[in-house]
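Undergrad: coords please:
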Amino acid sequence: RWSAMGALLIISGAFGLFRREAALRVGGYRTDTVGEDMELVVRLHRRAREEGRDYRILYTPDPICYTEVPADLATLRKQRNRWHRGLWEVLWAHRAMLFNPRYGRLGLVAMPYFFVFEALAPVVEVLGYLLLPVFWALGLLHPEFALLFLLLALGYGVLLSQLAVGMETLLLQRYPRLGDRLALLGLAVLEALGYRQLLALERFLATFQVWRKRGEWGEMRRKGLESPEAQGHEKP
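TA: You can find the predicted model right below:
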């Protein structure tokens, strides 16, 4: 979606490819932010727009890539905390683009979207959870409406996940087995019942830690990818 609009703001650092001359032209990676991949993409957009140059920053779903993910909950929380702090750092560093028609869809659509629906979203979500018992105690909570709203939010989240899986299956045939798709459906439901709230809390905390932890990467525990021999498989 963002790629087709010419407003893609982030390419994952693990999977991004940049033209060397283009990256060096804008100064390369910054070392004073933990969102260096997003910051570089936004800076490439900004410089090209300001200079009036034609350019493209694209997403392609075709490659199959592998990266190491957090293997324990503590590392996962630190990673998501860092990601959210990095988002706020990028939005602050390039705040001049926000709602600025000079930058076209970037300034009027992409940047506002990331500010409202990504950066501020966990604040709204966590405050909503905290206010539920308060409203209940004050008699301001309508139980039937609250339950219906919860089911709607849960169903919408599951629907988005399944649409993504459906597109993968339709276009790339990555989940050809029915059992795999049913397992993903079950995980989409479980994701909204605990896992989402935990990560929302971590992102909520990160929002108020941005200035205190500015540029702080933190310890990321890595185990490394095991070889086929270590997993008990023989070479073909």
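
Undergrad: Ala192 against Gly157, yeah?
TA: Yes - using C-beta atoms under 8 Å, Ala192 makes contact with Gly157 at a distance of 4.9 Å. The way it works is simple: take the backbone N, C-alpha and C, and place the C-beta from them, glycine included.

Undergrad: and the host helix or strand of Leu131, how far from the chain's centre?
TA: Element membership of Leu131 [criterion: DSSP states H and E] is helix 121-137. Helix 121-137 sits 22 Å away from the centroid of its parent chain (C-alpha atoms, centre = their mean, to the nearest Å).

Undergrad: cool, and stretch 120-134?
TA: Worked out by C-alpha atoms, centre = their mean, stretch 120-134 lies 20 Å from the chain centre.

Undergrad: got it, and stretch 41-55?
TA: Distance, centroid of stretch 41-55 to centroid of chain: 22 Å (C-alpha atoms, centre = their mean).

Undergrad: which residues are in contact with that stretch?
TA: 7-11, 16, 18, 22-23, 25-27, 57, 90, 93-94, 97, 102-104, 106 (C-beta atoms under 8 Å, 6 or more residues apart in numbering).

Undergrad: Just the terminal-to-terminal distance for stretch 90-110.
TA: The straight-line separation of the ends of stretch 90-110 (C-alpha to C-alpha, to the nearest Å) is 13 Å.

Undergrad: er, stretch 47-58 actually
TA: First-to-last distance for stretch 47-58 - C-alpha to C-alpha - comes to 16 Å.

Undergrad: Average pLDDT for that stretch, rounded please.
TA: Predicted confidence along stretch 47-58 averages 93 (mean pLDDT).

Undergrad: Pull the number of nearby residues for Trp83.
TA: Neighbourhood size, Trp83 [other C-beta atoms under 10 Å]: 19.

Undergrad: where's it, which helix or strand?
TA: Per DSSP H and E: helix 73-93 holds Trp83.
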